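> I'll drop the sequence and a predicted model, then ask my questions.
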Amino acid sequence: MTLVNHHYPVYYEQRYQEQMVKGLRKKAQALGFELVAAPSTQLVS
């Protein structure tokens, strides 16, 4: 019997994205900028 964790790829993808944002924030700060999240856009119908 093999145990498979289906959350494994999601966990690592999420962690990778967090590390990328952290790195970008550091680079932006070093250049005198601040990294902020873009406002989410919703389509109104």
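Received the coordinates, thanks.
> what ranges do the helices span in this structure?
For the chain, the helices defined by DSSP state H occupy 8-30.
> and the residue nearest the centre of it?
Gln17 (3.2 Å; C-alpha atoms, centre = their mean).
> correct me, but Arg25 touches Ala37?
No. When contacts are counted by C-beta atoms under 8 Å, Arg25 is not listed as touching Ala37 (11.0 Å). To be clear about C-beta, it is placed using only N, CA and C from the backbone, and glycine gets the same treatment.
> neighbour-wise, which of those two wins?
Using other C-beta atoms under 10 Å, the more surrounded residue of Arg25 and Ala37 is Arg25, with 14 against 6.
> which residue, neighbours along the chain excluded, lies closest to the more buried one?
Nearest-residue entry for Arg25: Leu35, 4.7 Å, with adjacent residues in sequence omitted and distances by C-beta to C-beta, 6 or more residues apart in numbering.
> quick check: the one you found touching Ala28?
Yes. Here Leu35 reaches Ala28: they are 4.4 Å apart, a contact under C-beta under 8 Å.
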